[in-house]
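Student: next input, structure requested:
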Amino acid sequence: MTTGNQRTVILFMVDQLAARWLEAARHGIVDLPNFDALQKDGVTFSSAFSTNPVCSPSRASIITGMSNSAHGVTECGYDLSPDVPNIAQALQDNGWSTGAFGKLHLVTQIETLTPDYHAYGFDVVNNTEDARAGEWLDWVKQYHPEYYKAALSTVWMTMVPELEKYGAEGEDLRSLIHEAQREYPDSVSDAYELPFPADVSQTAWITDRALGFIERTDGDLFAHISYVQPHNPFAPPAEFVDRVNVDAIPEPTGAEWKTHPIPYFQQERYETPSYDVDDWRRQRQLYFADLSHLDHELGRVRNALSEAGRADDALFIFTSDHGEMLHDQGLLGKWERHYDPCIRIPLIVSDTASGAGEQSERHELVEHTDIAATIYDWARIPEPMLATFEPRIDPIRMLHGRSLLPRTTDDGESWRDCILIQSNNSHFDASPSSWARTIRTERYRYTRYLAGGGEQLFDVLRDPDEQWNLAFDPEFSGVKAKLADELMELTVNDGYPNSPRGLFSIGTW
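Tutor: Just a heads-up that it's a prediction; the model follows:
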């Protein structure tokens, strides 16, 4: 057990979890006692959004507190520059011990299986990501060789060039993966039960490394604990599958765009709704089983904080990088389909030092960039400021977000009445045809698809399942025009505060 005055910040992340599905789980689908306990101890922000619903851009915004235009990661395929200030660097510079465990995705996964994240401000790094090859797989080979071939079969990102000459011996791991997948054919599907026990899983491995860091660290501590699940392929440990009440799983919402399509949804890849192709009920069952497993890991982390004497002076933030359609609207995945399951993410903030929370819920609009601002505030570390040419230019905040701590202790006015959500290219298409810009207010979601893709306007208070596109309803022409103007301004202002990349000073020659 550690001793003395010590502060703790835990950023606990999962991948591809929509707020919609965490909320749905409460309706008899699966018990999540540790998520329930965290919500009781903290504040749930029910209108939290990913400003770019895909992995790398959203994660860059979380760790920097900056907009896409400022940090430069506008889509997957970009690396976040370690020269852009982030919360881990700031805490490390102020004497905190910093650790990262699991999926960071600040470096492109196709680029390398062994990224060096120390330059981003982490003292200790145990990295494992979607590809699964790398540190976790090597651990299975060394300590659980009886499950190594089964683990190999779950490596689905076989396009990574490094697999051709893997490790110090230059092993052809890609061939071994394909061989393993012939022995475990279920592992190449979109949904399956892991062919090894939960304690061998990537998820448990991430928790184990984080717990070791918590147990052996004295003084102020920051741990970024980030899981790959419930990202597809939906693959929970078998022992958690029967915990899901299949009969309580809701049917997918309909696909309004099938009967009133805009040009974007007239693409060939949208001809058939996903729920007419896939076993949606089985996929949802496995997705919720992964939530049950993640709930178990959350409990392990919270117990470890108590045992280490860290539970009484801790900031615990839980979130996801983006959502998952999970067959609502006949869609799977995320990207530019800016429906609620894609863009609205869970966000719970627990500040044990202040005692704020007590099962409270807030409904104002918040976003990923607010997380870094909250950590700076709680840790009492000054935010990074843009260099300016004094005395001509006043200091400029570098962060796009604001601290959520005042929202956990009072009922003051929100500082934000709308949020910009953007998408730029996807795995399927790299052209403006897959670019989208959305403005989300408390009542409306207005989306513009570029390259003639059309518009969507939904009254999300009256139509939470987003089934009636009002963009062409004369009654809402004024609303649409106002939102279109605001969207234009938000899109331009995404570049302010200005980017710190390559900056000498604002206002100079």
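
Student: could you use CA atoms for every contact and neighbour count after this?
Tutor: OK.

Student: give me the contacts around stretch 368-381.
Tutor: Identification of contacts with stretch 368-381 by Cα atoms under 8 Å, 6 or more residues apart in numbering yields 9, 48-51, 58, 61-67, 86-87, 90-91, 94, 315, 382-383, 399-405.

Student: drop anything exposed from those residues.
Tutor: The neighbour-count test (16 or more other Cα atoms under 10 Å) marks 9, 48-51, 58, 61-67, 86-87, 90-91, 315, 383, 399-405 as buried among the contacts of stretch 368-381.

Student: where does the residue lying farthest from the centre of the chain sit relative to Leu173, distance-wise?
Tutor: Within the chain, the residue lying farthest from the chain centre (Cα atoms, centre = their mean) is Pro391, at 40.0 Å. With distances taken as Cα to Cα, to the nearest Å, Pro391 is found 59 Å from Leu173.

Student: just give the number of residues close to Ala25.
Tutor: By other Cα atoms under 10 Å, the residues close to Ala25 number 19.

Student: whoops, Tyr143 was the one
Tutor: Tyr143: 11 surrounding residues under other Cα under 10 Å.

Student: please report how far it lies from Glu193.
Tutor: Taking Cα to Cα, one finds Tyr143 at 21 Å from Glu193.

Student: for this protein, what helix or strand is lowest in average pLDDT?
Tutor: helix 256-259 (a mean of 83; mean pLDDT, DSSP states H and E).

Student: ok, residues contacting that helix?
Tutor: Applying Cα under 8 Å, 6+ apart, the contact partners of helix 256-259 are 265, 329, 466-469.

Student: what about the helix or strand immediately after it in the chain, distance to the chain center?
Tutor: Counting by DSSP states H and E, the next helix or strand C-terminal to helix 256-259 is helix 280-307. On the basis of Cα atoms, centre = their mean, to the nearest Å, helix 280-307 sits 16 Å off its chain's mean C-alpha point.

Student: helix or strand right after helix 280-307?
Tutor: strand 314-320.

Student: now the angle from that following strand to helix 280-307?
Tutor: Angle, strand 314-320 to helix 280-307, by axes from the mean of the first three to the mean of the last three Cα atoms, to 10 degrees: 170 degrees.

Student: strand 314-320 - what's its average pLDDT?
Tutor: Averaged over strand 314-320, pLDDT sits at 98.

Student: what does stretch 455-462 give?
Tutor: Averaged across stretch 455-462, the pLDDT comes to 97.

Student: again with stretch 206-217
Tutor: Averaging the model's pLDDT scores along stretch 206-217 yields 98.

Student: swap in stretch 57-70?
Tutor: On average, stretch 57-70 scores 96.

Student: again, but for stretch 181-197
Tutor: What stretch 181-197 shows for mean pLDDT is 96.

Student: pull out the buried positions in that stretch.
Tutor: Buried-residue list, stretch 181-197, by 16+ other Cα under 10 Å: 181, 184, 186-188, 191-196.

Student: now do stretch 342-358
Tutor: Using 16+ other Cα under 10 Å as the test for burial, stretch 342-358 gives 342-352, 356-357.
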